[in-house]
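> following is a predicted model, sequence given first.
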Amino acid sequence: MKKIFAALAVAAALSPFASAQAATISFADTKSIATTNWTDFLSFGKFDSSLGTLTSIKFDLSGTVQGAGNAESLDAAASSVTLSLGALLGLTRPDGSTLVVTNPLFSQVFEFGAFDGTINFSGASGGSTGTVSANGSNSFTSFNASDFSLFSALGGGTINLGLNAIGNSSGTGAGNLLTQFNTSAAGNVLVTYTYTPTGEVPEPATLATLIAGLGLMGAVRRRAKKQA
């Protein structure tokens with residue numbers, strides 16, 4: 001009898017069912033380059049709850065800032081001036097709450113002399129970045145039940161998320177500094193659903209182990225009967 005129990009224990013240890021295998025499905029949308037400040041809406045597919053059980057939602061936001069910055073120092077002494085061109089991009093839920101933010105930023109340092117008497121963003125006391133661009137990205141993964149409910153429905157459907165870009169440029173360094181900025185921004189969003197598919201079954205290798213375990217149990221029982 002002890003041998004039979006031992007065989008049962010071995011079979012149980014050797015034949016666990018396969019753990020649920022995660023699957024993913026993604027939806028993407030893009031906002032093309034436009035002068036900051038702007039607000040727009042992007043459309044994404046909802047998770048079809050008939051596919052399985054949602055376990056996480058990842059939001060990937062990438063953005064680009066493009067433009068030019070000009071500066072003129074009015075100081076009577078030389079100064080080191082930094083021009084930073086940026087755009088703050090934010091992805092929001094339909095209720096306006098923030099999901100993820102990114103801030104693509106370009107910076108350039110200038111060494112200006114004392115004010116040369118002319119405000120023209122050039123010469124000894126002024127300068128320009130010319131047309132430049134920079135990229136930035138950020139992500140957020142939600143495990144929140146309220147987000148699962150908001151982003152899923154039987155049969156799928158669509159959901160609109162807000163995307164906005166605010167100019168976020170600055171000039172620093174001189175006590176008396178004139179600056180001028182012109183920026184545009186673009187954004188790309190990827191929404192990825194991770195879920196456990198409905199009706200997971202044991203993998204083939206696990207089924208083979210299960211059958212082998214049952215065979216072992218049968219062999220031990222037959223041997224026990226012969227010894228009885």
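Structure's in. What do you need? Residues are numbered from 1 along each chain as shown.

> residue 47 is in contact with residue 24, isn't it?
No. Checked against CB atoms under 8 Å, the pair residue 47 and residue 24 is beyond contact range at 10.4 Å. From N, CA and C alone the C-beta is placed, and that goes for glycine too.

> more neighbours: those two, which one.
Neighbours of residue 47 and residue 24, each counted by other CB atoms under 10 Å, are more numerous for residue 47; the result is 23 against 11.

> what's across from the more buried one in the sheet?
Beta-bridge partners recorded for residue 47 (DSSP bridges): residue 152.

> do you know how far it is from residue 123?
59 Å (CB to CB, to the nearest Å).

> which stretches of this structure have low pLDDT?
1-20, 200-228 (pLDDT under 70).

> so which residues of the chain form strands?
For the chain, strands defined by DSSP state E occupy the ranges 23-35, 38-45, 47-48, 52-73, 79-92, 98-102, 105-112, 126-128, 132-142, 152-153, 158-167, 170-172, 177-197.

> can you add distance to residue 119 and give those strands back as CSV?
Listed next are the strands of the chain as CSV, based on distance: least, CB to CB, whole Å:
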stretch, distance to residue 119
strand 23-35, 24
strand 38-45, 30
strand 47-48, 56
strand 52-73, 5
strand 79-92, 14
strand 98-102, 34
strand 105-112, 13
strand 126-128, 7
strand 132-142, 22
strand 152-153, 57
strand 158-167, 22
strand 170-172, 14
strand 177-197, 6
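
> which residues are in contact with each of residue 47 and residue 24?
Each of 193, 195 lies in contact with both residue 47 and residue 24 under the rule CB atoms under 8 Å, 6 or more residues apart in numbering.

> spit out the contact partners of the closest residue to residue 101 other than its chain neighbours.
The shortest distance from residue 101 to any non-neighbouring residue, by CB to CB, 6 or more residues apart in numbering, is to residue 90 (4.7 Å). Residues near residue 90 by CB under 8 Å, 6+ apart: 98, 100, 101, 162, 163, 164, 166.

> quick check: the second one touching residue 142?
Yep, that's residue 100 we're talking about. No. In this structure, residue 100 is not within contact of residue 142 by CB under 8 Å, at 9.7 Å.

> overlap in contacts of these two?
Counting by CB under 8 Å, 6+ apart, the residues touching both residue 100 and residue 142 are residue 59.

> what bridges to residue 180?
residue 70.

> so who does it touch?
Counting by CB under 8 Å, 6+ apart, residue 180 has contacts 69, 70, 71, 121.

> what is the burial count for the second one?
Residue 70 has 19 neighbours, counted by other CB under 10 Å.
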